[in-house]
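Engineer: Task: produce atomic coordinates for the following.
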Amino acid sequence: MRTSTGSIWIIGLVITFMLIFVSFLSLTISYNKVFRIKNEVLTFIEKYEGLKEGPTGPIALINNYLTYNAYDTMHKCEVGDYGSRNLSTSSLELVTNTNEKYYYCISKKNTSKNASNLPNRSKYSVTLFYKFNLPVIGELMTFEVFGETIDINYPADTLRNKIQ
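Structural biologist: Model prediction:
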């Protein structure tokens with residue numbers, strides 16, 4: 001009897017450590033995928049020096065890239081940011097309601113305070129999301145991945161700067 005009780009306890013311990021290992025592996029893989037996507041989104045914004053709308057603009061390229069990489073996580077953005085609720089469009093919408101969910105959030109910040117000779121200098125902040133999923137349990141939490149572009153002189157878009 002003592003042997004059967006001891007082996008059940010060991011099996012429970014093994015299952016617990018396997019669950020912890022699978023959780024850590026799942027979280028690491030999700031973070032790695034979204035981090036790579038975030039870097040590519042920042043590259044699109046820096047390459048095209050802003051966020052132009054239209055079928056050949058960087059917004060359409062970003063949305064196509066997210067669709068191609070099967071990115072499907074949505075979360076809430078802050079008021080004043082720009083977000084995309086539909087990856088098949090080539091425009092962003094201003095976030096006015098914190099209850100709606102977006103695929104990604106972008107905010108434009110004016111950075112020309114320190115450089116008086118460059119009056120139109122901006123920096124873009126990008127936030128993407130990833131889920132903590134376990135195969136049997138399902139979605140547990142949603143996390144954010146945040147990144148910023150370099151300063152862009154005379155950005156080629158009409159987005160408003162976020163008031164800080």
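
Engineer: give the contact list for Ile59.
Structural biologist: Going by C-beta atoms under 8 Å, 6 or more residues apart in numbering, Ile59 touches Leu51, Lys52, Glu53, Ser84, Ser90, Ser91, Leu92. No exception for glycine: its C-beta is placed from N, CA and C like everyone else's.

Engineer: Sort out which one of those residues lies nearest Asn69 for me.
Structural biologist: Ser84 (14.5 Å; C-beta to C-beta).

Engineer: Look up the closest residue to that closest one, ignoring the ones flanking it.
Structural biologist: Tyr103 (5.1 Å; C-beta to C-beta, 6 or more residues apart in numbering).

Engineer: Helices along this structure, start to end?
Structural biologist: 2-47, 58-68 (DSSP state H).

Engineer: ok, now which ones touch Asn39?
Structural biologist: Counted by C-beta under 8 Å, 6+ apart, Asn39 has contacts Gly147.

Engineer: Tell me the pLDDT of it.
Structural biologist: Looking at Asn39, its pLDDT reads 94.

Engineer: separation between it and Glu100?
Structural biologist: Asn39 sits 26 Å away from Glu100, going by C-beta to C-beta, to the nearest Å.

Engineer: what's across from the spatially most central residue of the chain in the sheet?
Structural biologist: The chain has Leu128 as the residue nearest its centroid, 0.6 Å off, counting by C-alpha atoms, centre = their mean. As for beta bridges, Leu128 partners with Tyr104, Val145 under DSSP bridges.

Engineer: Quick check: it vs Tyr103, distance?
Structural biologist: 8 Å.

Engineer: any residues in contact with both of those two?
Structural biologist: Shared contacts of Leu128 and Tyr103, defined by C-beta under 8 Å, 6+ apart, comprise Tyr71, Thr73.
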